[in-house]
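Q: Here is my input; please provide its structure:
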Amino acid sequence: MMTPLNRVEPLLGCGLAGILKATVGIEDAVAIVHGPMSCASGHRIIPLFAGKEPLVPTTALTEIDMIMGSEGKLREALLKAEAIYHPSLLVIILTCATSLISELYDLMLQNLQDQLGCPVLVMDGSGITGDEVQGYRAFYHVFHDLVASRSERASSATDVELAGLSAADYGIQQDLIILKGLLETALGLKVARVLFHNLKLERGTWLSYPALPLGRLWFEILSPCPAPFGIAGTVAWVENIATELGREIHADFRARVAQAEVEVAAFRAAGLSQGVRVGIEAESWWGLGLTRFLAEELGCTVFLSSDEGAQHFQAEYGEIATTVVDVGNVELVEHLRAFGADLVFGSSYVKAKDWTWAPFWQPIWHIVEEHDSYMGLQGTRKIMKLVARARERKK
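A: Coordinates of the predicted model:
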């Protein structure tokens, strides 16, 4: 279960980060942080994660603005952003300061609508309203409402939409190759659109596809299933979608699963994972998926630092990780040392000489070799190699 801790370094940031993680995946969208300058400057790394310029405009409010009113600065920022960038979407992100002063943003935007050539969304990104996972989810629903009024069901019977990811996620390009490949080879489905990754905000009619909630939206499916890591995890993810969409799983996929099961069984029988202790730093969809494979198929002992989704899932479906916490940075390193980790999947914050480290979660500051995804049947071999290396080092 999630261990209650007195900590100053939680794993996740405020809702502002989650909203930015969504908007960076929309082409030509501009998010304006309405608040003190530090709220924007501290999050410029998120566009860089997505391979974009670190553009996070801000209204740079001061104490005087908070007293006298900030509407003028916001109006100026919106008009300037529209004139310079000609965005497809403007997103106003409220910070803790502006969330509390309750200005009439809707009325101001109504008066500005003729001057702005694109839709404008107002999102509360303050830490008061939740963390970055909750901020991402809130943005998704507001965005969905924006396009719903002009949506039209696509005629294709095989096209689907992936929802819940971000262009700023570590390894997203390689993960999408695996996810798309699984859907096509196992179920005959094609991914028409990914929210939010290289997304074009279509003008006019918005084509609507059956949505597959995963990533930060994985609890919005009837029967939530973690990411497809390992054999059982990959099969469970495919079967879950097959049930949701009424699809049949292809026989050749079943055959490849059977072959992979033989490899995993041989690996474990050889004792190559025996006694290996693994630490994971990731949001719940990714973290629990990896945990399942390591704990249930390879027999490793797993320490997981994740969001509340990990706690909720284990409370409903049973314990997978030995320990689940919500801790990041230096404090997480201390916990992993106390745990006795041999192998750690996570960000550069948990790269240490004490264990074998695998880059898995943003931020990755260190220069690392490009690697294929750990997801799917192919990813099992890469994970097993890391586990075997960690065990050899442990001797």
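Q: Check which residues of the helix or strand containing V147 are buried.
A: Per DSSP states H and E: V147 is located in helix 132-148. Burial within helix 132-148, assessed by neighbour count using 16 or more other CB atoms under 10 Å, is assigned to 132-140, 143, 146. Placement of C-beta: from N, CA and C, glycine included.
Q: could the residues you listed go into JSON lines alongside pLDDT?
A: Below are the buried residues of helix 132-148 laid out as JSON lines (pLDDT from 0 to 100):
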{"residue": "E132", "pLDDT": "95"}
{"residue": "V133", "pLDDT": "96"}
{"residue": "Q134", "pLDDT": "96"}
{"residue": "G135", "pLDDT": "97"}
{"residue": "Y136", "pLDDT": "98"}
{"residue": "R137", "pLDDT": "97"}
{"residue": "A138", "pLDDT": "97"}
{"residue": "F139", "pLDDT": "98"}
{"residue": "Y140", "pLDDT": "97"}
{"residue": "F143", "pLDDT": "96"}
{"residue": "L146", "pLDDT": "93"}
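Q: how about low-confidence regions in this structure?
A: Applying pLDDT under 70 to the chain flags the ranges 1-7, 102.
Q: coming back round to it: give the next helix or strand downstream of the helix holding V147.
A: Counting by DSSP H and E, the next helix or strand C-terminal to helix 132-148 is strand 151-153.
Q: which strands and helices sit next to the next helix or strand after that next one?
A: Note on strand 151-153: by DSSP H and E, the next helix or strand toward the C-terminus is strand 159-163. With contacts taken as 3 or more CB pairs under 8 Å, 6 or more residues apart in numbering; DSSP states H and E, strand 159-163 sits against helix 172-187, strand 190-195, strand 211-213.
Q: got the CA coordinates for strand 159-163 in CSV?
A: Output in CSV follows, covering the C-alpha atoms of strand 159-163 (Å, rounded to 0.1, in the frame of the first residue of the first chain):
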residue,chain,number,x,y,z
ASP,A,159,-9.3,3.7,-36.6
VAL,A,160,-8.8,4.6,-32.9
GLU,A,161,-7.5,7.4,-30.8
LEU,A,162,-5.0,7.1,-28.0
ALA,A,163,-5.6,9.4,-25.1
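Q: tell me the angle it makes with helix 172-187.
A: Between strand 159-163 and helix 172-187, the angle comes out at 140 degrees (axes from the mean of the first three to the mean of the last three CA atoms, to 10 degrees).
Q: relative to helix 172-187, how tilted is the helix or strand hosting A265?
A: For A265, the host element (DSSP H and E) is helix 251-269. Inter-element angle recorded for helix 251-269 and helix 172-187: 120 degrees (by the same axes, to 10 degrees).
Q: Quick one: name whatever helix or strand follows helix 251-269.
A: Of the helices and strands lying after helix 251-269 in sequence (DSSP H and E), the nearest is strand 277-281.
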